[in-house]
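Colleague: Provided below for reference: sequence and predicted model.
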Amino acid sequence: MAPSATNCATDTGEVTGTLDFTTFHNTINGKLVTTIETRTGINPATKTPNPSVPVSTKEDLDYAVSAGRAAFKSWSKTNVEERRKLILAWAEALKKHQEEFAKLLTLEQGKPV
C-alpha cells in the first residue's frame with residue numbers, strides 16, 4: 001500500500017510530482033492498482049477512521065510477484081554505481097515527504113510524532 005502518486009519520479013529518480021496521503025493504491029509494475037475491496041483502520045488515539053486502503057487478492061499478489069521477477073532481470077544487470085544513484089534518489093524523495101509519512105504513522109498507530 002502506498003500513497004497515491006501523480007507523476008512522482010522520472011527514470012533518473014528525480015521527484016517531479018506529488019503524493020496524496022488521503023488516497024491509497026497498490027503500486028505494481030510502476031502503476032497504481034486499485035482493488036475491489038478496501039478496509040478502513042481506526043486511529044487508536046482519536047477513534048476516527050483513517051483513509052481506506054486496498055485489500056489485495058491472490059491474483060493481485062501473483063501480479064506483483066510476476067512484476068517483481070520481471071523487474072529483477074534488468075535490476076540485476078544494473079551496475080553498483082547506478083543502483084547507488086537510484087537508491088539515494090529514492091531516499092531523497094522520501095525525505096521530501098518526511099512530515100507527511102510521520103503524520104501517516106501517527107494516524108495508524110495513535111502515537112505522537
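Modeller: Looks like it came in fine. Numbering: from 1, shown residues only.
Colleague: Which strands or helices does the strand ranked longest in the chain pack on?
Modeller: The longest strand of the chain (DSSP state E) is strand 18-28. Packing partners of strand 18-28 (3 or more CB pairs under 8 Å, 6 or more residues apart in numbering; DSSP states H and E): strand 2-6, strand 31-33, strand 49-55, helix 58-75, helix 98-109. In short, each C-beta sits where N, CA and C put it, glycine included.
Colleague: Is it possible to get CSV of those that adds mean neighbour count and mean pLDDT?
Modeller: Shown next, in CSV, are the helices and strands packed on strand 18-28 (neighbours: other CB atoms under 10 Å; pLDDT from 0 to 100):
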stretch, mean neighbour count, mean pLDDT
strand 2-6, 15, 58
strand 31-33, 13, 92
strand 49-55, 15, 95
helix 58-75, 12, 96
helix 98-109, 13, 92
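Colleague: Need these in CSV (columns: distance to T18).
Modeller: Shown next, in CSV, are the helices and strands packed on strand 18-28 (distance: least, CB to CB, whole Å):
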stretch, distance to T18
strand 2-6, 5
strand 31-33, 13
strand 49-55, 16
helix 58-75, 24
helix 98-109, 10
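Colleague: Show me the one of these that comes nearest G41.
Modeller: Distance to G41, taken as CB to CB, is lowest for strand 49-55 among the helices and strands packed on strand 18-28, at 4.5 Å.
Colleague: Give me the residues contacting that closest one.
Modeller: Here strand 49-55 makes contact (CB atoms under 8 Å, 6 or more residues apart in numbering) with 1, 21-26, 33-35, 37-43, 60, 107-108.
Colleague: Name every strand pairing with it and say which way it goes.
Modeller: Its sheet considered, strand 49-55 pairs with strand 37-42 (antiparallel) by DSSP bridges.
Colleague: What average pLDDT does the partner strand get?
Modeller: Averaging pLDDT along strand 37-42 gives 95.
Colleague: of all the helices and strands packed on strand 18-28, which lies closest to K85?
Modeller: Comparing these under CB to CB, the one sitting nearest is helix 58-75, at 13.1 Å.
Colleague: buried residues in the helix or strand following the closest one?
Modeller: Next along the chain after helix 58-75, taking DSSP states H and E as the criterion, comes helix 80-96. Residues of helix 80-96 classed as buried by neighbour count (16 or more other CB atoms under 10 Å): 86, 89, 93.
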